[in-house]
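> Structure of the sequence below:
(chains A and B, ligands or ions: 3)
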Amino acid sequence: MMQELIQGLKDIVGGEYVSTHLEDRFFYSRDGGTMESFEPDVVVLPQDSNQVSKILSLANKNKVPVYCMGAGLTLSGLHRAISGGILIDMKRMDKIIEVNERSRYVVVEAGISQGKLQAYLKKNYPHLKHSMPDAPPAATIGGNVAIHGSGHLSFLGGFHSDMVTGLEVVLADGRIIRTGSCSVSNYWFAKAPLPDLSGLFLGWFATTGIITKVGLKLYPAHPLSDVRVLICEDPKIMEEIIFKVTDLNIAEDIITWMTPKPDWARGFLHCNVIYGAKTKDELIFKRDLLFEQVRDLIDKKVTGFLPLLPFMKKRFLDVPGKDLVRFADVRKGGGFEYVGAMIPTNLFSDAYKLGLDIAQKHKVAYSLGSRIIGNSHSMMFFYAYAFNRADLADVKNAQNALYETNKKVIDIGGIPWKAEIPAQKEILKKMDKNTKGLIFELKKLLDPNHIMSPGNLEE
Amino acid sequence: MYKLNYDPLICKGCKTIDCLVKCQYQDFKDINRAREEKNKILNGEYSKVLDDCRTCYGCEEYCPNNNHPFYQIVELQEKLNIKNVPDPIFKQQLRMMGPKNRIKTQSLKPPIIDMCLFPQLIDNIKGKLYEGASIIWGGDIFCNIMWLHCANMSVILDRLPKMIQNIYEYYIKQSETDEIICFHDECYGAFTQLAPAYGIDVPFKPVHIFEYISKKLDELKLHIKPLNQKIAYQRPCSNRLCSDMDEKLDEIFHKIGAIRVKRTYDKNTPLCCGSVLRIQQKDREADEIQRENISDMKGTGARIAVFNCPMCMMTLGEEVAAQGLFPLHVSDLVRHALGEI
Ligand SMILES: Cc1cc2nc3c(=O)[nH]c(=O)nc-3n(C[C@H](O)[C@H](O)[C@H](O)COP(=O)(O)OP(=O)(O)OC[C@H]3O[C@@H](n4cnc5c(N)ncnc54)[C@H](O)[C@@H]3O)c2cc1C
Ligand code: SF4
Ligand code: SF4
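Numbering: from 1, shown residues only, chains lettered A, B, ... in the order given. Ligands and ions are numbered 1, 2, ... in the order given. From the prediction side, this is the model:
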């Protein structure tokens, strides 16, 4: 049957875009994180929505599992083919379909990389930008919105899934549907005022459908930008700083970072506030507003802005930022994973302490931080642990630290983001029963043959 | 325990109180008010000077009696816990710039150029001026007197003697010279002015970069093509610990045919580059002073702004360039005259 299926796939996308080679299957079976490998039986690279539709129809008819991968960069192994079957690599679907300059949105194919969209906008619409995650630029727009990613404009615009204006999705049976205004109009301007069907596909780990097109909000790209870095020694004061700074609506991005390396950073909490402006005067005006906002704390000498020379600021203004990537190799051997956890901002101190305790207990190299989302209703708090992939004991140790972090995050009231399979189970364990029941019913409704990403969102 | 060598009686009897009257950042036109505040300082009491001092080092130069008014201020600021820099910033900078214990014994060929803590300008050490030079830099030989800007003398007195000892033990002892060429005024000021003020022994011969360049220009006389350029010079705070070296700069300018333009903010009245004010969280004041400073530079008709202090250059360089002046380090200016750039 597999041979027939593979031939069927070749008929759909062309022979050169289907592979059952051992090397390819190995490559697609894993990512840079700690999760164990699972090989797909076959990898397929479609070129458009119709091909995706045909692939899903074929898989559905044959009841063969289907997994979907953008760039496979979550580090939580979310694209792994846990039950084997077909792995759809979306990267050939990378067209920019439309930029609506006045309504500030773009429509793209879901497999387009963050880097390609960024470069295209810089060249053709320098006054517009999309919110970039700090992931390597190969990360895809579809993969990122599918997991509720966040990035450089998340203080301004919320999660990247909040920036979605509409989706085109292929369902398990091959039907192509649209969510948002584009289901009624030619314009992809908003999810409102319709029933918000996008929610059926965002945060579901490809268990309900495969996103093939995304309408995404764009934002003004200011010619000038600046970063101010506040520093303090007490997490409670950092909570205060975050509250004060977010009370002022000037930032595009607010990030905290706490790391024991280099040694001068150990024990200090930093908060980067990044904002843009059209003119130098506006930039200074915003800087002064920011100063006034935390003036009382500065007068008490418990915080202050780091004196950064112009060349030092570049590192903080780079989009995407490279600090996490640099950290990824501190243990050498290239192993790195982080628990991103969505946590209400008021729990900053607890979240920080939790990270320190676990890092100390497991003696792992760590880097902690958070990105404040949507006017500080929540934050993506990250617990990054580096390990040496060649050292199995080191990998296991990091895995334990991650697992424990996930559990503790849930205990304090947060929710692990882009959760690995064990953490997904922990979340479901804690979830309200009726809600969980509805999730399972919806999955069944949309995927009666249980072919979509089996192993995910399961108890 | 090192103690400041000064005589309070001289201050008590001082007729001019130049240290405060000439201060550019505080208004002491009324000498009686200056005396009042000075007396408070001498008595170890709080004076508004402790809060208002912008740590420009100027009074070290203004005092005709070498009675170290600025060090008196810094000691009292520390004693009374008057902080001009937020705690976490001070603590982090202390750690960042602290000794790293990575220094290794080396036998170095002269000239030995001490770059302090500024590897960013190592590229400046090239060409005929520095032929065969050995370069030293890093946290283990950092003079540490920047803590004067942070109301702290005790760290300096703790670290500086060790740094001096490091230079001697690890470099000078087995090298062919006892001379250390100080690229940064701070090191030279620390070795020749602050160290003696506290009785700290300096077992090598500090040479200021200007002395070195001026002497070197005599050797390279035949290569000099006079520049005939008007130069606006940014005199740094640390040069005020070694005022005589400012004359050496005039000597250099004379030798390379550069014209040090007369400007309001040079010589005895230079302006802070702004970096110190920023660390003290006074951004608006820093903006104003930078604006004033650069507009003064421009007003002279100079097309080149020359720096000796790496910090001044890194702080002001970009803005100076944005305003149409060409920022250059003294070394590079001289290399222009030598036809190397
Ligand atoms: C150094 C580093 C920094 C990072 N920083 C950030 C950051 O700042 N912000 C952030 O958000 N993330 C960050 N990440 C995490 C991650 O890399 C990104 O979220 C990335 O955008 C995920 O996209 P991807 O294409 O790699 O998705 P994949 O890993 O390929 O897929 C993610 C999930 O979405 C599903 N999926 C993929 N494509 C589709 C589709 N078309 N339709 C339906 N489901 C789909 C997959 O099955 C999987 O469950 C970072 C990662 C690294 C390594
Ligand atoms: S420090 Fe110098 S100028 Fe000031 S009062 Fe004393 S002697 Fe006079
Ligand atoms: S150091 Fe400068 S600002 Fe401070 S008192 Fe002396 S002259 Fe005035």
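
> got the contact list for residue 258?
Reading this off chain A. Taking CB atoms under 8 Å, 6 or more residues apart in numbering or on different chains, we find A:Met258 in contact with A:Ala265, A:Phe268, A:Leu269, A:His270, A:Tyr352, A:Gly355, A:Ser367, A:Leu368, A:Gly369. The C-beta positions use only the backbone N, C-alpha and C, and glycine is treated the same way.

> not quite, I wanted chain B
The contact partners of B:Ala258, by CB under 8 Å, 6+ apart, come to B:Leu227, B:Asn228, B:Gln229, B:Ile231, B:Ile252, B:Leu333, B:Ala337.

> Got the phi and psi for it?
Note on B:Ala258: backbone dihedrals following degrees, to the nearest 10 are phi -100, psi 150.

> repeat for B:Ile252
When read as degrees, to the nearest 10, the backbone of B:Ile252 gives phi -60, psi -50.

> What is the burial count for the spatially closest residue to it that is not a sequence neighbour?
Spatial nearest neighbour of B:Ile252, chain neighbours left out: B:Ser214 (5.1 Å); criterion: CB to CB, 6 or more residues apart in numbering or on different chains. Neighbourhood size, B:Ser214 [other CB atoms under 10 Å in any protein chain shown]: 21.

> Closest residue of the stretch 51-200 of chain A to chain B?
As assessed by CB to the nearest CB, chain B sits closest to A:Pro126 within the stretch 51-200 of chain A, at 20.7 Å.

> neighbours around that residue, how many?
Neighbours of A:Pro126 under the rule other CB under 10 Å: 10.

> Is it in a helix, a strand, or coil?
With DSSP: H, G, I helix; E, B strand; the rest coil as the basis, A:Pro126 sits in coil.

> who's in contact with it?
By CB under 8 Å, 6+ apart, A:Pro126 lies in contact with A:Ala221.

> how near is it to A:Gly413?
Using CB to CB, to the nearest Å, A:Pro126 is found at 42 Å from A:Gly413.

> domain assignment for the chain?
Went with chain A since none was named. Following automatic domain parsing, one gets these domains for chain A: A:2-89, A:96-220, A:224-321, A:324-419.

> switch to chain B, that's the one I care about
B:8-79, B:88-209, B:213-337.

> will you turn the ones you listed into JSON lines that also has mean pLDDT?
Shown next, in JSON lines, are those (pLDDT from 0 to 100):
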{"stretch": "domain B:8-79", "mean pLDDT": "97"}
{"stretch": "domain B:88-209", "mean pLDDT": "95"}
{"stretch": "domain B:213-337", "mean pLDDT": "96"}
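
> what's the closest of those domains to ligand 2?
Among the domains of chain B, the nearest to ligand 2 by CB to the nearest ligand atom is domain B:8-79 (3.1 Å).

> Can the closest one be said to contact chain A?
No: Domain B:8-79 is not in contact with chain A by CB under 8 Å from any CB of the partner chain; minimum separation 11.7 Å.

> how far does that domain stretch from start to finish?
Taking CA to CA, to the nearest Å, domain B:8-79 runs 17 Å from one end to the other.

> so how far is that domain off the chain centroid?
Distance, stretch centre to chain centre, for domain B:8-79: 20 Å (CA atoms, centre = their mean, to the nearest Å).

> Which of the domains of chain A has the lowest mean pLDDT?
Mean pLDDT is lowest for domain A:324-419 among those, at a mean of 86.

> Give the burial count for residue 302, as a bare number.
This is for chain A. Every residue meeting other CB under 10 Å relative to A:Val302 is counted, giving 19.

> looking at chain B here, not the other one
21.

> Just the element for it, please.
Secondary structure assignment for B:Ala302, by DSSP states H and E: no helix or strand.

> And it, its phi and psi?
According to degrees, to the nearest 10, B:Ala302 has phi -70, psi 150.

> Next up, the contacts around it.
B:Ala302 sits next to B:Gln229, B:Lys230, B:Ile231, B:Ala232, B:Val261, B:Leu325 when contact means CB under 8 Å, 6+ apart.

> Relative to B:Arg260, how far out is the first one?
For B:Gln229, the distance to B:Arg260 (CB to CB) stands at 10 Å.

> which neighbours do those two share?
Here B:Gln229 and B:Arg260 share no contacting residue, scored by CB under 8 Å, 6+ apart.

> From ligand 3, how far out is the residue of the stretch 51-200 of chain A closest to chain B?
In this structure, A:Pro126 and ligand 3 are 45 Å apart, going by CB to the nearest ligand atom, to the nearest Å.

> Can you classify the residue nearest to B:Ile252 by secondary structure?
Applying three-state DSSP: B:Ser214 is helix.

> A:Asp357 now?
helix.

> try A:Tyr366
For A:Tyr366, the assignment made with three-state DSSP gives strand.

> my guess is it meets A:Trp257, correct?
No: applying CB atoms under 8 Å, one finds A:Tyr366 not in contact with A:Trp257, separated by 11.5 Å.

> Compare those two and say which one has the larger neighbour count.
Higher neighbour count among A:Tyr366 and A:Trp257: A:Tyr366, with 25 against 21, using other CB under 10 Å.

> Now do the phi/psi pair for A:Ile210.
Here A:Ile210 shows phi and psi, under degrees, to the nearest 10, equal to phi -110, psi 120.

> List the beta-bridge partners for it.
Applying DSSP bridges to A:Ile210 yields these beta-bridge partners: A:Val170.

> Around ligand 2, which positions in chain B sit nearby?
B:Ile10, B:Cys11, B:Cys14, B:Ile17, B:Asp18, B:Cys19, B:Lys38, B:Cys63, B:Asn65, B:Asn67, B:Pro69 (CB under 6 Å from any ligand atom).

> Could you dump those into CSV and include secondary structure?
Formatted as CSV, the residues of chain B next to ligand 2 follow (three-state DSSP):
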residue, secondary structure
B:Ile10, helix
B:Cys11, helix
B:Cys14, coil
B:Ile17, coil
B:Asp18, helix
B:Cys19, helix
B:Lys38, helix
B:Cys63, coil
B:Asn65, coil
B:Asn67, coil
B:Pro69, helix
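
> I'd like those residues as a markdown table, with distance to A:Lys116 and neighbour count appended.
Formatted as a markdown table, the residues of chain B next to ligand 2 follow (distance: CB to CB, whole Å; neighbours: other CB atoms under 10 Å in any protein chain shown):
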| residue | distance to A:Lys116 | neighbour count |
| --- | --- | --- |
| B:Ile10 | 73 | 13 |
| B:Cys11 | 70 | 21 |
| B:Cys14 | 72 | 18 |
| B:Ile17 | 68 | 24 |
| B:Asp18 | 66 | 20 |
| B:Cys19 | 63 | 28 |
| B:Lys38 | 67 | 23 |
| B:Cys63 | 65 | 22 |
| B:Asn65 | 70 | 15 |
| B:Asn67 | 68 | 21 |
| B:Pro69 | 63 | 27 |
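
> Report the beta-bridge partners for the residue of chain A found nearest chain B.
Closest contact between chain A and chain B, by CB to the nearest CB, is at A:Gly304 (3.1 Å). On the basis of DSSP bridges, A:Gly304 is bridged to A:Ile231.

> ok, how many other residues are close to it?
Neighbour tally, A:Gly304, other CB under 10 Å: 24.

> just B:Ser295 next, same as before
Residue crowding around B:Ser295 was assessed by other CB under 10 Å; the count is 12.

> Name the SS class of it, please.
Counting by three-state DSSP, the backbone at B:Ser295 sits in helix.

> Against B:Ser275, how distant is it?
From B:Ser295 across to B:Ser275, the span is 19 Å (CB to CB).

> need the contact list for the residue in the stretch 301-450 of chain A that ligand 3 sits nearest to.
Closest to ligand 3 within the stretch 301-450 of chain A is A:Pro307: 18.2 Å, counting by CB to the nearest ligand atom. A:Pro307 makes contacts with B:Ile89, B:Ser275, B:Arg278, B:Ile279, as judged by CB under 8 Å, 6+ apart.
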